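Engineer: Sharing a model that was predicted from the sequence below.
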Amino acid sequence: MPTGERATLSLAEDTFGPAVPALWISWLVALGTTAARWSQRHPERRLVVAVSVPARDFAAVLIGCGWMRGAPENRLPEVRQTVASLARDTDVRMITPDKIVTRTFLGFDAKLDRLMLKGTQWMLPWVQAIAPIEAVNEQCEQPIPKPGVFSRTSRFGARWIDHLCRPPSDLALVGTLAWLRADLDAYICWDGEREQVSNILLPERPKAATWSTRLVATARVGDELQLPPGIRAAVLDGAAATRWIGAIEAPVVVAVLDRSVIDESADEVAMEYRANRGKKTLDLHRDFGLLSPPAGIEALAFTVTP
């Protein structure tokens, strides 16, 4: 789906319910994709996009799906090469023929061609992919999810196993967790198929053996918003999240302004930030290649001074 194409995606609540098509679904996904690719071409510049929508429902996760779609293909080193470079007590994520496993690496028995992990051992030929990860509090396992239509047609779809083993961890969704989690349960429908949003964004959650998108609750934020290391894009979902627009130093920040809530404070914060820090206003069509937003959506993009 090219970024400017009016391909109409749909959303559904479950695998069997009706799918509702709308141009705003496709446009928000395309916005996330173009923001990702623009940032890759301009790593020295910081981008802010304010998107005004009739209601916040699904907007943040759709932009996130677009960001994921813009992620480059991930190609992991050969398994034996990675194993040879691992230090003892390194936490790893491993893909086997039927599951994803996070464990602590204890060593490799070259004579038996066996991988030694905390609590288990694996013959190396059974390991399809392996990568070191940040330290985890508990060892987890989960079945391997299958790529749906959205994932298969993304750049990472051709190397799905590598993607699951080391997915990008550069996106944060900031907002009310209950709302975001409900949105993650929805399905994107395209060309007669549907894929759950959570399968695309791989949100961090308890007992997950692989994760990509970080969820940050505004209710738990004190005087300072701390995003996890490595975040390159933050989508601020609603007024409570948008008030942190000036405190986030990520290369890309997208603020979703919800007009269904009678509260103009978020709009004022975004406009004040643009007035104080805005460096250059960008044209969505000329600079991003996006078609005009559909009725009901307004968007403003600008770069900010460091």
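Structural biologist: Happy to help now that I have it. Numbers count the residues shown, from 1 in each chain.
Engineer: And the lengthiest helix in the chain, what's buried?
Structural biologist: Of all the segments of type helix in the chain, defined by DSSP state H, the longest one is helix 23-41. Of the residues in helix 23-41, 23-39 count as buried by neighbour count, 16 or more other C-beta atoms under 10 Å. (Glycine included, C-beta is placed from N, CA and C.)
Engineer: How far away from the center of its chain is it?
Structural biologist: Using C-alpha atoms, centre = their mean, to the nearest Å, the distance from the centre of helix 23-41 to the centre of the chain it belongs to is 12 Å.
Engineer: Go ahead and produce PDB holding the CA coordinates of that helix.
Structural biologist: This file holds the C-alpha atoms of helix 23-41, laid out as PDB (Å, rounded to 0.1, in the frame of the first residue of the first chain):
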ATOM      1  CA  LEU A  23     -10.600   6.400   4.500                       C
ATOM      2  CA  TRP A  24      -9.300   7.700   7.800                       C
ATOM      3  CA  ILE A  25      -8.000   4.300   8.700                       C
ATOM      4  CA  SER A  26      -5.800   4.100   5.600                       C
ATOM      5  CA  TRP A  27      -4.700   7.800   6.100                       C
ATOM      6  CA  LEU A  28      -3.600   7.400   9.700                       C
ATOM      7  CA  VAL A  29      -1.600   4.200   8.700                       C
ATOM      8  CA  ALA A  30       0.000   6.100   5.800                       C
ATOM      9  CA  LEU A  31       0.900   9.000   8.200                       C
ATOM     10  CA  GLY A  32       2.800   6.600  10.500                       C
ATOM     11  CA  THR A  33       4.600   5.000   7.500                       C
ATOM     12  CA  THR A  34       5.700   8.300   6.000                       C
ATOM     13  CA  ALA A  35       6.800   9.700   9.400                       C
ATOM     14  CA  ALA A  36       9.000   6.600   9.800                       C
ATOM     15  CA  ARG A  37      10.600   6.900   6.300                       C
ATOM     16  CA  TRP A  38      11.000  10.700   6.600                       C
ATOM     17  CA  SER A  39      12.800  10.200   9.800                       C
ATOM     18  CA  GLN A  40      15.100   7.600   8.300                       C
ATOM     19  CA  ARG A  41      16.000  10.100   5.500                       C
END
